[in-house]
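1. Show me how the following folds:
(one chain, ligands or ions: 2)
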Amino acid sequence: MEFDSSPVFLNSEKITRYIDGRWDSLISCLETSFVLYSSDDGQVIQPVRENVTVRDYNGLLFSMPVCSSPHEALATKIITVYNDNHLRGLPRIQGVILLFSAVDGVLKAILEAPVITAKRTAGATAVATKYLASENPKILAILGAGVQARSHFEVLTHLYNFEEVRIWNIHQNNGEKLVKELNDKGFHCVCCSNVEEAVRDADIIVTATFSKTPILKAVWVKPGAHINVIGASNPTSQELDPELMRSAVVYTDSREAACVESGDIIISEVEVYAEIGEVILGKKEAFRDKTTVFKSLGMAVQDLVSAKLVYDAYTSDLQK
Ligand SMILES: NC(=O)C1=CN([C@@H]2O[C@H](COP(=O)(O)OP(=O)(O)OC[C@H]3O[C@@H](n4cnc5c(N)ncnc54)[C@H](O)[C@@H]3O)[C@@H](O)[C@H]2O)C=CC1
Ligand SMILES: O=C(O)C1=NCCCC1
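-> Numbering: from 1, shown residues only. Ligands and ions are numbered 1, 2, ... in the order given. The predicted structure follows:
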């Protein structure tokens, strides 16, 4: 019997076709992935990711393997993160996700990683925000104007009807460019010239930068705000002032990863109160009235469920 073992290759354009406009499905898959990860029953096996430093070029290589029994799938995301790539006119994050069957080990698909990384990170934030933010948020502030800033704008404006969306970027011209791009699509956003102005009275704040040192201070943040911390994914970088970290209830995606990868947690010496999966499971409380931080590191299981969503949509399209 012939066995066609060739995996399909899904490039960014194809992935966009199968994932765009599907925020609700993606958010629901990601919510499930948080629950599976934080359950104690071993349905998801996900070691802390490995990384290799490329010292000469300010780069990193990450390897992120995972097995999810309920999905009968294995995946590994392999990405490079090159902080100086904007100077080369290249994206900072590049790579692929390999999706295998857990039943027979067959490699089903190779998917370019950037679009899924952008969407699943924002989708994961959406899940955390749904549980942790105040019920009727009016002001959104986004710090950063890159890939994650865009996907976070998309998902959070999909979930909420904000009265105001403010964007700040270290290079104001890029902040203005993003604001123009969004306003041309019919939104109403404003570009702020400093962080304090951007976050004043904000109900939801997203930090999505490559800053190594804190950009957001406790005194600027409204008590009860919810902050999604997307950048600073290594033990020596911070986006939040330690005082702010200490004044908030801190949630994360993976406690195990946070304790070795998050500078915001390690340097501030704060306790992680809960994984967001534990909140969804009802094992830990969602303190909506307090200032909350969701420290997102990014998990391989998020890539697995998102890659599977895209792959399943692609294969079912082929059968039509
Ligand atoms: N938690 C997660 O699952 C994931 C986190 N990330 C992290 O999110 C952050 C943003 O990633 P992308 O949007 O893909 O990158 P990007 O390159 O598209 O955007 C980066 C933004 O950071 C700004 N920036 C750079 N240096 C800065 C500094 N010193 N201070 C303030 N702003 C600065 C840039 O102007 C730009 O607006 C990175 O830290 C990345 O590692 C990325 C993917 C997944
Ligand atoms: O989960 C991911 O994907 C990433 N996390 C932090 C660094 C860049 C990519």
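2. Now for the closest residue to ligand 1 within the stretch 151-300 of the chain: which residues touch it?
-> Across the stretch 151-300 of the chain, no residue is closer to ligand 1 than Gly298, which sits at 2.4 Å (CB to the nearest ligand atom). The way it works is simple: take the backbone N, C-alpha and C, and place the C-beta from them, glycine included. Going by CB atoms under 8 Å, 6 or more residues apart in numbering, Gly298 touches Met64, Thr117, Thr121, Ala124, Ser233, Asp253.
3. What about those residues, which are in strands?
-> Judged by DSSP state E, those include Met64 as members of strands.
4. so what's the closest residue to ligand 1 within the stretch 51-200 of the chain closest to, chain neighbours aside?
-> Using CB to the nearest ligand atom, the closest approach of the stretch 51-200 of the chain to ligand 1 is made by Gly146 at 1.9 Å. Leaving aside its sequence neighbours, Gly146 sits nearest to Ala208 (CB to CB, 6 or more residues apart in numbering; 6.8 Å).
5. The one you found - how many residues pack around it?
-> Residues lying near Ala208 (other CB atoms under 10 Å) number 27.
6. got the residues of the chain near ligand 1?
-> Residues of the chain lying near ligand 1 by CB under 6 Å from any ligand atom: 81, 86, 92-93, 117, 121, 144-149, 169-171, 174, 208-211, 215, 230-231, 233, 296-298.
7. all strands for the stretch 51-200 of the chain, in order.
-> Remark: strands assigned in the stretch 51-200 of the chain by DSSP state E, counting those that start in this stretch are 59-68, 73-82, 93-101, 107-112, 139-143, 164-168, 189-192.
8. would a markdown table of these with mean pLDDT, distance to Val219 and mean neighbour count be doable?
-> Output for the strands of the stretch 51-200 of the chain, formatted as a markdown table (pLDDT from 0 to 100; distance: least, CB to CB, whole Å; neighbours: other CB atoms under 10 Å):
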| stretch | mean pLDDT | distance to Val219 | mean neighbour count |
| --- | --- | --- | --- |
| strand 59-68 | 98 | 33 | 19 |
| strand 73-82 | 98 | 31 | 21 |
| strand 93-101 | 98 | 32 | 20 |
| strand 107-112 | 98 | 42 | 20 |
| strand 139-143 | 98 | 15 | 26 |
| strand 164-168 | 98 | 16 | 22 |
| strand 189-192 | 98 | 17 | 20 |
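9. Adding distance to Thr16, write those out as JSON lines.
-> Listed next are these as JSON lines, based on distance: least, CB to CB, whole Å:
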{"stretch": "strand 59-68", "distance to Thr16": "21"}
{"stretch": "strand 73-82", "distance to Thr16": "18"}
{"stretch": "strand 93-101", "distance to Thr16": "15"}
{"stretch": "strand 107-112", "distance to Thr16": "10"}
{"stretch": "strand 139-143", "distance to Thr16": "21"}
{"stretch": "strand 164-168", "distance to Thr16": "23"}
{"stretch": "strand 189-192", "distance to Thr16": "22"}
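10. ok so, going back, what about the residue of the stretch 51-200 of the chain closest to ligand 1, how many residues nearby?
-> 19.
11. Can you verify my assumption that it contacts Val206?
-> No - the criterion here is CB atoms under 8 Å, and Gly146 misses it with Val206 at 11.6 Å.
12. circling back: looking at the strands of the stretch 51-200 of the chain, which is nearest to Ala248?
-> Nearest to Ala248, of all the strands of the stretch 51-200 of the chain, is strand 139-143, at 15.5 Å by CB to CB.
13. ok, Ala122 - contacts?
-> Contacts of Ala122 by CB under 8 Å, 6+ apart are Gln148, Ser151, His152, Glu154, Val155, Leu156.
14. If we use 10 Å, what do you get?
-> By CB atoms under 10 Å, 6 or more residues apart in numbering, the contact set of Ala122 is 23, 26-27, 30, 147-156, 158, 206, 208, 228, 230, 296.
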